[in-house]
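A.B. asks: The sequence and its predicted three-dimensional model are supplied below.
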Amino acid sequence: MNSGSIKQLKKPLAIRLGEQTVLAKSLVMAEHPFDRRDFLKVLGWGGAAVALSGCGNGSVEDGKETVVSYVETNDYMIPSISVYFNSTCTQCDAGCSITGRIREGRVLKLEGNPDSTINRGKTCGLGQAGVQHHYNPDRVREPLLRTGDSGEAITWEKAYALIAEKMKDVSGEEIAFLSGGVSGHLKVLLGNYLDSFRSKNHFVYEAIAPAVMRAANKKSYGVEMPRFNISKAKVVLSFGADFLGAWVSPVHFSQQYAQFRKGDEDGQRGVLVQIESKMTLTGANADRWLVVRPGTEGILALGIINALGAAGLRLSGDVAGAVKGYDKARVSKDTGVSAEQIDKIVALLKARTPSLVLAGSAAEGYAHGSQNAAAINLLNQVLGNVGKTVEAAEVVPFPQMAPTTGNTAALKKLNDGLAAGKYKVLFSYAANPVFTAPGAMKFKDNLAKAGFKVVFAHYLDETALQADLVLPLDSALEDWGTQVPEYLATCAQINIQQPLMEKLHANTDGKGTRGMGDILLTLLKQRRAEEYKGFADYYAYLRGALLKNKVALGGHKVDDDTFWNETLSKGIIKLEGHVSALSSRSGTAGLSLPSPAAIDAQYPLQLIPSVNASLRDGRHTNQPWLQESPDPLTTIVWDSWVEIHPRKAAELGIEEGDIVEVTGKNGSVKVQAYLFPGIHPDAISIPLGRGHEALGRYAKGYGVNPFQILDAVFDKETGELALHETRVKVSKTGSRVIVVKDEGPVGGRQMGKKIAARLPSDKVKLSEEI
Amino acid sequence: MSVTSLLENYSEFRHFHPVDDVPHNPYKWAMSIDLDACSGCNACSVACYAENNLPVVGREGFAHGQAMHWMRIERYWDEDGREFPDQGAQFLPMMCQQCEAAPCETVCPVGATNHTPDGINSQIYNRCIGSRYCSANCPYKVRYFNWYDYPTTDNVWPAEMNQQLNPDVTVRGKGVMEKCTFCIQRVTVAKNNAKNEGRLIHDGDVQTACQQACPTSAISFGNLVDPESKVYKQWKAQQVELDKDAQIKDKEEGGSELRGYRIFEELRPYPSVMYLERVRESAV
Amino acid sequence: MHRFLRLSVLLMGLFAAVGSYAADAPQSEPMTEDDLGPAIEQPIEFPHVRHAKDMQINCMYCHTYARRSAVAGIPPLQKCIGCHNWIDSVKDKPRIKTLFEYWEAKKAIPWKKVHDLPDFVRFNHERHIKRFYFQLNRPVQEVCGYCHGDVKEMTVARRQKLLSMGWCVACHQKDHPVTAEGGTPIGNQAYWYGMRKPLIDVSGIIKAKGPNDCSVCHK
């Protein structure tokens, strides 16, 4: 791969192409596809006539197409030869480094950057679809100002003037800035902007963040996000952590998983045991998948510790005290996991070390989620995994750039403020709370009470539709930026984001899209003109900021331009990070787990909103590849479904394709039923991410949005939304559909053929394989 | 050649190779897929959409079985009648197996699908008349037909989205059959570069889109006649031979320690994709 | 009788369909080897004859991508200006004036494509130039002329060759020497050109045919 270097060019692809930015070939192809194949219209008469004309000469069309050549160009730009530029994927917050394939000025495909320690040249499906975010036909292209019920296109100058006017007399208390997780220089600018009003109202909201785990880890290990070394572990015991699907840094964990399976170091294959109430992608890959009654993960963890003690593992006094009473009989009764299974797990954990225990979102989504997570972390400590497979991660030595992590607790606080009518101006960036806030919060109604709402948006999503002013953003492939990922793999790194092509919606007539950094810089200039006048744009700011710290960033030997060009070329700055040692407090204080709740007669089922690896919280649903990419477990596309265990379905008389009504205390949704064996019979599951009423042509009107029927139950310690605490009932509506899915009518059976084959581990010798 | 000889040795003749008397010189592209590493995450499938200009057919189209996923993940459950799938699911990436004696090739009335000297089952779109015989005869069901003219269909490639189309791959029109090509456009570029340097393609010079994306590196692709290639070594270690319809190891004692197998080998299409069986821990 | 009628209707339909297809098909002018294709109006009437014949400029001086890329491309405008900026004698000529107008406006010249192949064809300039110009040391105008005709005699280029599949294949079926006179092919190099077994003719020259596989040219 020939990586293009960026020499003395401010914007690497600002190559003047004149009117058109492409060599017209494939565009013409799309507009006049195969017009010489029109003869197929008369097909149906047989192949003979057509076969004769299959290779005629009618296909050479002189002078029909235009060849647009460059006006000026760089030596490395050769028609039909790809150039590669490094950047960072922003489809999720894992911070994978990507390499864009660029031809004739257009980005065609994204690959992983092999130099990144996070993804090592790999990508997930979500990352691959990043180009569809960039080229999306539903992107907002000009600033929109609300006039009554419609939006009026205005210029950026007018938009900035409007913000300046609105911000003139407000105090810091009256401003609220809602955003998703931010890091790097964008976070610095955002902080400075709020600071210029002496405002502390930055609400960082992520709809499906591992917020409870962070808090529990902080208590157990002293850090929010330690490094989980899956590849070193011989046994991974995962309580609902979907680390191959959507949990924290899935591409990184997938590679670790592959090494773990091969047993790279000693040829001994690692064993994965997954304990959860609804099978995740990770659960589907487990050696043993154990279904557990929803919410009793913590009890099972304590039961395993108890059984480990009984099997001869030395437990410290307080731990022994904490797990006293969690004997196998009781644990088995509470969780539904048989005593025999617990014995097998204990034997496995004792025989193979080191192990690794992961607490995932499934265990944490309850009012006692923190307790569950603490109990699971305790298991790690008892097994002596802390320091072996749970390690201290390096920390980027620039705290001001460290990622701000979000949670629903922040949204709740904002929501309360909005309800009280506290905010005169509200900004929203990289969040769609009108779609993702639980219905019980009534966020949309409360939002209307804010004085002036500014939404920075790529699409007209549900939140943008409520805005007074919508400011269109550059796509991630057009914008500059720096990112510090929350989960750092083997070394501290700062990721560079740079444009892979010219802006698709150019800034002509004062319209078009702009980068978030540029917007914040302009807004800051309204406040602190003197301080920021030296920076023409965000690019200049970034370059200046990074060069100022050149020595700390490892560039002490080279001059500024070389350092800058090398940094852009690599797309990553690897750093010597601080390592803060993990604490080994056993963390049994205050550990008390409630007995499983009795079944509610009116709402007998537990609703598990599942997180799909591609759609996540629904911000990417307008990327058609993701809509058409089948859910790995059910193979359903383009729609929502509710997973019901076949036994429960038989009880309720439900069959596949029945439209059922799922009713909770806060509303109901009607959705097709899918019989799914990998779920606890007392639970049902609806995937998140679909059910948009806006966003774009590929998202609007497909499926249902389970966020809307969630109860507002929060974790007692952290205040985080308990995603799995909603109780519902299911009733048939009487109508039926054919489920649109990829699996065949026999539904995942091999019909006695050797298609997807399997061997028990004692029959193979992995160490002898290539 | 007598008729008797033809009948007796039909299986042999069926996969005679087009290169005069030197089969597979200098390339024979093949794959191996480790099902124990594959997590079923679908990254390969999306990467294939991105690389090969695959149209998105929408809900209606998908319901009618018109999905164009050259690379699809099949999901199987255990059939042991247990209430919960406590050994997880089985995932299988399925794409064109590039058979050496491809059932699709023999039935094409116009020779639009045929074997290249480097062992890829090529599909020549402008030759194809859309009889769909090949699809009917494919045991793997990996051939996909253009029922509509997707480039002119609403919301398949609307303005701007069409700028993402890969210029190295034809945008197929209505009435044409298509399928996985082992990313032949990437092979072509790699060949070109290798020729310029006066050498053959080295292992690793060319990656298929699915292989490049795969987060667990479950997919390997390479030249089966290059002893230095990973694919060659894997096939060798697993004792899977390209031109056998039943592997010797499967008849021997102890052969079951090897994980390599090919799907529907008994039908004698001699597929070029070897799968490595998934492993499940016996201790739990 | 009934069945006969049905069959004849079917047959008549078939002929009608074939006929109508033939009538609808875009009819290019009947061409022989040296006929010129249709004249195409270009934004600037570029005189190839002046550059390639009078000035003896190597084709690849301007069409520089041809030897390193599948597509030959049109030279960037800056290349034209690179010379013409210093040629005062023709600066007042209308064509050069137009050229500078484009340059000053930084606008690309919308050249019309003369040698347009169907979109499903993958033709690689680089391979042909490497083979015939660099390997066999044939003169550059001859090598380009195999497909582009006698461009040095033209002003604006016109298509002179058929560029049909049969025309391509006719050349690929010929035995071409593997190396220039006196050279020896390295290893199984011959295979890399044709993937077909090379042959040694009576005079001892090793020859090979061009590739004959569909997927080499059809993408």
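C.D. replies: That came in fine, so what should we check first? Numbering: from 1, shown residues only, chains lettered A, B, ... in the order given.

A.B. asks: Mind pulling the model confidence for the residue nearest in space to the middle of chain C?
C.D. replies: Centroid-nearest residue in chain C: C:Cys147, 4.3 Å away (criterion: C-alpha atoms, centre = their mean). If you check C:Cys147, the pLDDT there is 91.

A.B. asks: Quick check: the residue of chain C nearest chain B.
C.D. replies: Using C-beta to the nearest C-beta, C:Ser215 is the residue of chain C that sits closest to chain B, at 3.6 Å. No exception for glycine: its C-beta is placed from N, CA and C like everyone else's.

A.B. asks: so A:Asn201 touches A:Asp195, yeah?
C.D. replies: No - using C-beta atoms under 8 Å, A:Asn201 is not in contact with A:Asp195, being 11.4 Å away.

A.B. asks: Give the residue from those two that has the larger number of neighbours.
C.D. replies: For A:Asn201 versus A:Asp195, neighbours defined as other C-beta atoms under 10 Å in any protein chain shown are more numerous around A:Asn201 (20 against 15).

A.B. asks: Relative to chain C, how far out is the more buried one?
C.D. replies: 47 Å (C-beta to the nearest C-beta, to the nearest Å).

A.B. asks: Please apply the same query to B:Asn196.
C.D. replies: Relative to chain C, and taking C-beta to the nearest C-beta, B:Asn196 is found at 7 Å.

A.B. asks: how far out from the middle of the chain is stretch A:630-650?
C.D. replies: Distance of stretch A:630-650 from the chain centroid (C-alpha atoms, centre = their mean, to the nearest Å) equals 22 Å.

A.B. asks: which non-adjacent residue is nearest A:Leu547?
C.D. replies: Leaving aside its chain neighbours, A:Leu547 sits nearest to A:Asp560 (5.2 Å; criterion: C-beta to C-beta, 6 or more residues apart in numbering or on different chains).

A.B. asks: Can you find the helix or strand in chain B with the smallest mean pLDDT?
C.D. replies: Within chain B, no helix or strand scores below helix B:10-14, which has a mean of 58 by mean pLDDT, DSSP states H and E.

A.B. asks: Please, where are all the helices along the stretch 1-150 of chain A?
C.D. replies: Assigned by DSSP state H, counting those that start in this stretch, the stretch 1-150 of chain A shows helices spanning A:25-31, A:48-53, A:125-128, A:130-134.

A.B. asks: Considering the ones you listed, which stretch scores lowest in mean pLDDT?
C.D. replies: Minimum mean pLDDT among those: helix A:48-53, a mean of 27.

A.B. asks: got a pLDDT number for the residue in chain C that chain A sits nearest to?
C.D. replies: Of the residues in chain C, the one nearest chain A is C:Ala108, at a distance of 2.9 Å by C-beta to the nearest C-beta. Turning to C:Ala108, the model gives it a pLDDT of 86.

A.B. asks: Please tell me how far it sits from A:Lys234.
C.D. replies: 62 Å (C-beta to C-beta, to the nearest Å).

A.B. asks: just A:Arg198 next, same as before
C.D. replies: Distance, A:Arg198 to A:Lys234, by C-beta to C-beta: 54 Å.

A.B. asks: between those two, who's got more neighbours?
C.D. replies: Each of A:Arg198 and A:Lys234 has its neighbours counted (other C-beta under 10 Å); A:Lys234 has more, 21 against 10.

A.B. asks: So that one is in contact with A:Leu272, correct?
C.D. replies: No - contact criterion C-beta under 8 Å: A:Lys234 and A:Leu272 do not qualify, at 10.6 Å.

A.B. asks: ok, the closest residue to chain C within chain B - contacts?
C.D. replies: Taking C-beta to the nearest C-beta, chain C has its nearest neighbour within chain B at B:Ser122, 3.6 Å off. Contacts of B:Ser122 were listed using C-beta atoms under 8 Å, 6 or more residues apart in numbering or on different chains, and they are B:Thr113, B:Asn114, B:His115, B:Thr116, B:Thr181, B:Ile184, C:Asp213, C:Cys214, C:Ser215, C:His218.

A.B. asks: just checking, which of these belong to helices?
C.D. replies: B:Ile184, C:Cys214, C:Ser215 (DSSP state H).

A.B. asks: how about a markdown table for those, with distance to B:Cys99 added?
C.D. replies: Below are the ones in helices among the contacts of B:Ser122 laid out as a markdown table (distance: C-beta to C-beta, whole Å):
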| residue | distance to B:Cys99 |
| --- | --- |
| B:Ile184 | 16 |
| C:Cys214 | 17 |
| C:Ser215 | 16 |
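
A.B. asks: was I right about A:Asp138 contacting A:Tyr459?
C.D. replies: Yes - counting by C-beta under 8 Å, A:Asp138 does reach A:Tyr459; the two are 5.5 Å apart.

A.B. asks: any shared contact partners between these two?
C.D. replies: Listed contacts common to A:Asp138 and A:Tyr459 are A:Asn622, A:Leu695, A:Gly696; contacts here mean C-beta under 8 Å, 6+ apart.

A.B. asks: can you pull the contacts of residue 227?
C.D. replies: Chain wasn't specified; assuming chain A. Contacts of A:Arg227 by C-beta under 8 Å, 6+ apart are A:Val390, A:Glu391, A:Ala392, A:Ala393, A:Tyr487, A:Leu488, A:Ala489.

A.B. asks: Oops, wrong one, chain B.
C.D. replies: B:Lys233.

A.B. asks: roughly how far apart are the residue nearest to the spatial centre of chain A and A:Pro250?
C.D. replies: Central residue of chain A (C-alpha atoms, centre = their mean): A:Cys92, 3.8 Å from the mean position. From A:Cys92 over to A:Pro250 the distance is 8 Å, taken as C-beta to C-beta.
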